[in-house]
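>>> A predicted structure for the sequence below; I have some questions about it.
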Amino acid sequence: MSTGTLWTVVLVGAAGCYLLKYAGLSVPAAWVQHPAVVRVVDFVPAALLAALVAVQAATSEGALVADGRLVGLAVAALALALRAPFIVVVLLAGGAGALVHLLTG
Amino acid sequence: MPRSARSATLRDAVGLGVAVGLYGVAFGAAAVGAGLDAWQALAMSLLMFTGASQFALVGVLGAGGGALAAIGSALLLGTRNTVYGVRLAPMLAPRGRLRRAGAAHWVIDETTAMAVAAPDRELGRLAFWVTGATIYLGWNVTTLVGALGAGALGETAQAALDSVVPAAFLALLWPRLRRGAPEAGVQRRVALGGAVVALALTPFVPAGVQVVLAVVAVALAGRPRTRAVTR
């Protein structure tokens, strides 16, 4: 992707996200408080984040792949279950990924 | 207003801001890993300023996804801030277009949580502005640190970075699935559904599109249940 396209993605994405925030402070509450809307918004993050976890950890260039990222993810899950803070979780996952790379690469 | 409540609110707001600000390192590094340069990473933190959307955008780009899929996933996660804004509007009651435009930029998970948790309206506004300012500053500084640091990485460090991104998403997801979270059972089923649909679609659709389709599929699957619950 060219630098120009990347800048467009960054700026259009930023503008869109800002407008979503601004809309919340501006629109009549009744528009957004429809039960079905609230319901969907409650659950979109879980579906999206889980989809991103799966795609980031287990796919590469359109194929399912198992590599050090899955090991890192397992370590992260364990750390989260033990209530480690965010920064510890990502450092441990990164360390596990690097270790697998050194051992197998 | 009792002075102790005020200083407790300030302390919590600054503490949360510093902690969240540190995540910026992970974002800056992930953005550069996905092919953005340090200025683009910084522009995202300055202008988009909503962590999950930023991670989603660079996550889709990193997976080789197209522009529309990347923007689409950022916007899907950004819808949550609209709901927060509705919640905060009566408390912040920003007077004038400029104040409202400024306040809107800082409507995110953490500022909303702090403002809503404050004991009264006055402290809620204080918590919102102080948390927002601390996070904004920390998030942008650490984004730049992460982005510049990642540029100097070797192959092993790149492998480490590849593992950091899914772990960061998992850490964002985790609190919603934890026992005791509201409707944790449903959240877990939704998360599992999203992951399975995304993986199943991966070989058949352009990169990044499977993420957006997974969300749509799960939202559609949830509709009948939605009606049953609201009735």
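Perfect, thanks for sending it.
>>> how does chain B divide into domains?
Domain assignment for chain B by automatic domain parsing gives B:3-161, B:178-231.
>>> what is the neighbour count of residue 13?
You didn't say which chain, so I picked chain A. By other CB atoms under 10 Å in any protein chain shown, 25 other residues sit near residue A:13. To be clear about C-beta, it is placed using only N, CA and C from the backbone, and glycine gets the same treatment.
>>> ah, no, chain B please
Using other CB under 10 Å, residue B:13 has 26 other residues around it.
>>> over to residue B:186?
A count of nearby residues for residue B:186, using other CB under 10 Å, gives 17.
>>> so it sits against residue A:47, correct?
No. Here residue B:186 does not reach residue A:47: they are 11.1 Å apart, not a contact under CB atoms under 8 Å.
>>> pLDDT weak spots in chain A?
In the predicted model of chain A, residues A:29, A:32 satisfy pLDDT under 70.
>>> please, which helix or strand holds the closest residue to chain B within it?
Going by CB to the nearest CB, chain B is nearest to residue A:24 of chain A, at 1.8 Å. Secondary structure from DSSP states H and E places residue A:24 in helix A:3-26.
>>> can you name every helix or strand that that helix contacts?
For helix A:3-26, the packing partners by 3 or more CB pairs under 8 Å, 6 or more residues apart in numbering or on different chains; DSSP states H and E come out as helix B:38-47, helix B:51-62, helix B:67-92, helix B:96-105.
>>> could you tell me the angle between the third one and helix B:51-62?
Pointing back at helix B:67-92 there. Counting by axes from the mean of the first three to the mean of the last three CA atoms, to 10 degrees, helix B:67-92 lies at 180 degrees to helix B:51-62.
>>> in helix B:67-92, what's buried?
Neighbour-count burial for helix B:67-92, counted by 16 or more other CB atoms under 10 Å in any protein chain shown, picks out B:67, B:69-89, B:91-92.
>>> can I get stretch A:27-44 as CSV, trimmed to CA atoms?
This file holds the C-alpha atoms of stretch A:27-44, laid out as CSV (Å, rounded to 0.1, in the frame of the first residue of the first chain):
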residue,chain,number,x,y,z
VAL,A,27,-27.7,13.4,18.8
PRO,A,28,-31.0,13.1,20.7
ALA,A,29,-30.4,10.3,23.3
ALA,A,30,-33.5,8.4,22.0
TRP,A,31,-31.9,7.7,18.7
VAL,A,32,-29.0,5.7,20.2
GLN,A,33,-30.9,4.3,23.2
HIS,A,34,-33.1,2.0,21.1
PRO,A,35,-32.8,-1.4,22.8
ALA,A,36,-31.7,-3.3,19.7
VAL,A,37,-29.0,-0.7,19.0
VAL,A,38,-27.7,-0.8,22.5
ARG,A,39,-27.7,-4.6,22.4
VAL,A,40,-25.6,-4.8,19.2
VAL,A,41,-23.2,-2.1,20.4
ASP,A,42,-22.7,-4.1,23.6
PHE,A,43,-21.6,-7.1,21.8
VAL,A,44,-19.7,-5.8,18.7
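>>> that one close to chain B?
Yes. Judged by CB under 8 Å from any CB of the partner chain, stretch A:27-44 and chain B are in contact via A:27, A:29, A:32-33, A:35-36, A:38-44.
>>> can the residues you listed go into a markdown table with extra columns for secondary structure?
Formatted as a markdown table, these follow (DSSP: H, G, I helix; E, B strand; the rest coil):
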| residue | secondary structure |
| --- | --- |
| A:27 | coil |
| A:29 | helix |
| A:32 | helix |
| A:33 | coil |
| A:35 | helix |
| A:36 | helix |
| A:38 | helix |
| A:39 | helix |
| A:40 | helix |
| A:41 | helix |
| A:42 | helix |
| A:43 | helix |
| A:44 | helix |
